[in-house]
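Q: okay, sequence plus prediction incoming.
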Amino acid sequence: MKFGWLEITLFSIVLVVVISAIFVRGKNWLEPGFWGVFAIVSSLVMFSVLWLLTFDTLKKISFGSARVPSPTVINHKIGFEYDPDKKRYMPTIGEEELFFGKKWSEQEATQLLTKGKLVIQSRNCMDCHTLLGNGAYFAPDLTKSWLDPKWQTMIQPMIGVATKEETMAKWLQNPEYYGTWQRRMPNLKLTEEEAKAVVGYLKFMSAIDTNGFPDHFGKSAATF
Amino acid sequence: MKESKGLYESQKLAIGYWIVAICLFGVQLIFGLIISYQYIQPEFLHKFLNFSICRLLHINSMILWLLFGFIGGIYWFLPLETEREVVGIFLGKIAFIVLIAAVSIVVLVFLLVQIGKGEMLTLWFITEGREYIEAPRWADIGIVAVFSIIFFNVFASIWKAKKLKGILWVLIVDLLAIIGFYIAGMFFSPNISVDQFWWWWVVHLWVEATWEVLVGVLVGWVLMAVLGTPRKIVEGWLYLEVFLIFGTGILGLGHHYFWIGAPEYWLGIGGFFSALEPLPLVAMIVHAVYDAGVHRLKTINKPAFFWIVAQAFGNFIGAGVWGFMHTLPQINLYSHGTQLTAAHGHLAFFGAYVATNLAIIYTALQRIRLPEESLLDGTLWKWVFIGLILAMLGITAPLTVAGFAQTFIERAVGGSTWQAYIDAQLHPWFKESMIWRMGFGIMFFVCYLLLVTDLLTIGKRKATHQQ
């Protein structure tokens, strides 16, 4: 869709007013029927616009689109940098890097992410954490968790494995043992396979274009 | 309940729904207290009933009890509107029993099984793991089936009474929309952006569109019952509210699409329309003040009347003001996913929906316990009224302060990382707020117990006295 938000907004409002005005000609504005017309027209117009935008949005957020990358993005280095053109932070997809020591084919990566998403839902992650900012507020937001400096500065030395993905997978299987502060994540009995899938999902999620949310993630001097 | 003679079968069913609703209200509060204490003492029930499970039960029991209250309201007023018994009432009673059995099973599974393996089977039988609609898939299908039966009851009754117009017309369309939007939340997608896109279709379009309209219908009926507001005025206002609620709320859905991966145009559309969402709530205030003024506060039902006024103001302040506070994208970029949302949620649900349900129940109690046209009043309800409102403000205010701390320290300054999160959580603005919130939560629970006492006793003594 080529239109911007302002055109869509004005178009839908003008449409409601014009169509309603045609139908209420001659009606007294103090009669309930007058407002009944507005009620029907505004519901129909706004819902139709929502449907059109839904089709457009679903196209733009499918796997492999400009905004939501293909699952194979886990084979790449991911970053989050300020984009001077867009005036906001954007995920960057860089050179290839192995994930758990291998390069994942499209099919393998899709399977991994499907598993990861199922694990995330089956453990009710959203009832403590936020994903893309949605969920509960008892634990940190996971939108860009893959890029969190704490994995390398604090957790990796504690666990003592070679890569970030292994660190995360190990930690997820035993979060209580490697506590970070007094509010501890409970052990959700993740198998090794499930933990790997969740890490894959977190890496994938950090590459989604979220219109700059969360702003300057990991770039503050206060974070380590 | 005694003295229920002269009631339609449908109205007796309504009483059943309300009894379950008020019990679930208690369940909601108990789990709310547990999670508020877990913020202060995270080791409390750790490993047995983790925060996630209690929080899930807190929000799901809320949705259920509010829905039960609304359904009760529909079954209560429908025979009065159509002047006949509800068609298919036997089916409606079976649906009620099925619903209670299903809810009990779901709650037991949540409590005892809690989590499952990462496979589809878990989503079908244990939890769907999507906030607010965690109920497993089988229960989702059950909910749609039960709602379809209720829809049949409503539609068939109205059809037979040949009264498909005015308020009932709005009710029919709105019930259809409620069922339709719920179905949008019943599938799995590995793509989290797609998943959350449809998930908000359910959560937003229910709470910020169809529920608001349903409440408009119910409040209209209550106004006619307790103030004798003329039908024509109620209808006019209801249409105006539908116009404003759907006109702003449908595309207002966009304020949930800012950061989930959806295109940039949602920033503008969502920001603009959701900023207008308080409009219908202002209309409600005007409506309530106008009605109260016209009738010089003369009513046959003091508690219902006061709760309706509280509803108008609570809805406007909780949903309107507290929502507007963080709905614009330039603010939401930093306030998204903080306790500010929790503050808004608490005040909005209380103002818009809890107050409505209490008003409906008191309206029915007047009819059940007192002779026609005599005044339902007492002392206890006033304490409950003031107590619940103060306690809710006492819960909202600290959550707002905590949200402010998070927005400022974690999001704006700290850049939202794990450590930034911890820094905000350890800040006095946050830590002390959690203690205040817990305190007012206890006060709310005490008021709830008084509310139950009042609902069980109000009007009873007076009735004997008058006889």
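A: Thanks, I have it. None of the values given here were measured: they were computed from a predicted structure.

Q: output the below-cut-off pLDDT ranges for chain B.
A: Low-confidence regions of chain B, defined here as pLDDT under 70, cover residues B:1-5, B:462-467.

Q: count the residues that sit near B:G293.
A: For B:G293, the number of neighbouring residues by other C-beta atoms under 10 Å in any protein chain shown comes to 9. For glycine as for every other residue, the C-beta is placed from the backbone atoms N, C-alpha and C.

Q: before we move on, what about B:G26?
A: Residues lying near B:G26 (other C-beta under 10 Å) number 16.

Q: next: A:A66.
A: As a measure of burial, A:A66 has 9 neighbours, counting by other C-beta under 10 Å.

Q: can I see the domain layout of chain A?
A: Described in terms of the TED database, the domain architecture of chain A consists of the residue ranges A:5-61, A:73-207.

Q: the longest one: end-to-end distance?
A: End-to-end distance for domain A:73-207, by C-alpha to C-alpha, to the nearest Å: 8 Å.

Q: try the first one
A: One end of domain A:5-61 to the other measures 17 Å (C-alpha to C-alpha).

Q: would you mark the buried spots in the helix or strand where B:I250 lies?
A: B:I250 belongs to helix B:231-252 when assigned by DSSP states H and E. Within helix B:231-252, the residues that count as buried by 16 or more other C-beta atoms under 10 Å in any protein chain shown are B:233-252.

Q: do the same with stretch B:68-87
A: Within stretch B:68-87, the residues that qualify as buried by neighbour count (16+ other C-beta under 10 Å) are B:68-79, B:81-82, B:84, B:86-87.

Q: could you do stretch A:10-27 as well?
A: A:S12, A:I13, A:L15, A:V16, A:I19, A:S20, A:V24.

Q: quick revisit: and the domains of chain A, which is most packed in?
A: For the domains of chain A, the largest average neighbour count (mean count of other C-beta atoms under 10 Å in any protein chain shown) is found in domain A:73-207, namely a mean of 19.

Q: so B:L218 sits against B:L78, correct?
A: No - in terms of C-beta atoms under 8 Å, B:L218 does not count as a neighbour of B:L78; the distance is 11.1 Å.

Q: show me what contacts the most centrally placed residue in chain A?
A: The centre of chain A sits closest to A:L132, judged by C-alpha atoms, centre = their mean, with a distance of 3.8 Å. By C-beta atoms under 8 Å, 6 or more residues apart in numbering or on different chains, A:L132 lies in contact with A:T143, A:M205, A:I208, A:T210, A:F213, B:I192, B:S193, B:Q196, B:W259, B:I260, B:G261.

Q: out of those, who's nearest B:A135?
A: The shortest gap between B:A135 and any of the contacts of A:L132 belongs to B:Q196, at 17.6 Å (C-beta to C-beta).

Q: now that closest one: which helix or strand?
A: helix B:192-204.

Q: gap between the closest residue to B:H344 other than its chain neighbours and chain A?
A: Nearest-residue entry for B:H344: B:W322, 4.1 Å, with adjacent residues in sequence omitted and distances by C-beta to C-beta, 6 or more residues apart in numbering or on different chains. In this structure, B:W322 and chain A are 16 Å apart, going by C-beta to the nearest C-beta, to the nearest Å.
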